[in-house]
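*Asks:* sequence first, predicted coordinates after that:
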Amino acid sequence: MHFYILTLFPEMIEQALSTSIIGRAVQKGYLKIHAVNIRDYTTDKHKKVDDYPYGGGAGMLMQAQPVYDAWRSVCAQIKDRKIQNSSMANSREGGLGWSRPRTIYLTPQAPVFTQGMAKELALEEELVFLCGHYEGVDERVLEEIVTDYVSIGDYVLTGGELPAMVMADAVARMVPGVLANEQSGSTESLEGGLLEYPQYSRPEEWNGKKVPPVLLSGNHAKVEQWRREQSILRTKERRPDLLAQAELTDKERETYL
């Protein structure tokens, strides 16, 4: 899977996504991370990419031209790769003569990112993230290139790089081969609308606290039942808002809701 991140700070992206699980997945070829510097595409001799907004107001606005040209360069790269892979026959015809990439603009003025969204986006061959700065981006280029508007929460950050990296990390974990244990992605928090159950490791007793006996019993059926119950109870305690849409049996709903 290819991630293209349009940014004013490519070094921030490269440093953060070159380590740990994501870094190893890149080394093994499961992922490709492309940090695209928007400043490389400005026509201004001083590498300026922002200007004052029409109508006045505080702050500066990212201009349409460098953002659009950076995005076009990514589209050209994707198109060339598809031609090389002989996959053009399977793509939809669009304004560029092929299906344009899924392009995500990170903004608090959008639906909040979820695990379900991460799963859905992981089915794409490539994703493009646009990282805004200052007071945002000229609306005209957003209308031209953006397919999805996504927020990571109801708060404002200094730029879109952190949200882009959060989304890239969450999506990458859903790509086959990225996680060493393929089951990890399907047994963690938010799967089925529930939080993950408590987990324990050695020693059996620490600071006077013991591992629940059922986890030492060797009875896998009872372990799974205990974990299921704990997931429901933890969700009820910490995120009761999730329970209404959680995948529960009729008996579980009667017992816990």
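*Replies:* Perfect, thanks for sending it. Note that the structure is predicted; figures quoted are calculated from it, not measured.

*Asks:* tally of neighbours for the nearest residue to Pro53 once chain neighbours are set aside?
*Replies:* Leaving aside its sequence neighbours, Pro53 sits nearest to Leu61 (CB to CB, 6 or more residues apart in numbering; 4.6 Å). Glycine gets a C-beta too; all of them are placed from N, C-alpha and C. Neighbour count of Leu61, defined by other CB atoms under 10 Å: 20.

*Asks:* which residues touch Leu61?
*Replies:* 50-53, 134-138 (CB atoms under 8 Å, 6 or more residues apart in numbering).

*Asks:* just the buried ones from those?
*Replies:* 50, 134, 136-138 (16 or more other CB atoms under 10 Å).

*Asks:* where do the helices sit along the stretch 51-200 of the chain?
*Replies:* 64-84, 115-121, 139-145, 161-172 (DSSP state H, counting those that start in this stretch).

*Asks:* just checking, what packs against the first one?
*Replies:* Where contact means 3 or more CB pairs under 8 Å, 6 or more residues apart in numbering; DSSP states H and E, helix 64-84 is packed against strand 2-7, strand 32-37, strand 126-130, helix 139-145.

*Asks:* sketch out the low-pLDDT regions of the stretch 51-200 of the chain for me.
*Replies:* Segments of the stretch 51-200 of the chain classed as low confidence (criterion: pLDDT under 70) are 86-98, 182-189.

*Asks:* can we see that at 50?
*Replies:* Within the stretch 51-200 of the chain, the stretches with pLDDT under 50 are 87-88, 92-96, 183.

*Asks:* count of residues packed around Leu6?
*Replies:* Neighbours around Leu6, by other CB under 10 Å: 29.

*Asks:* I appreciate the help and will end here.
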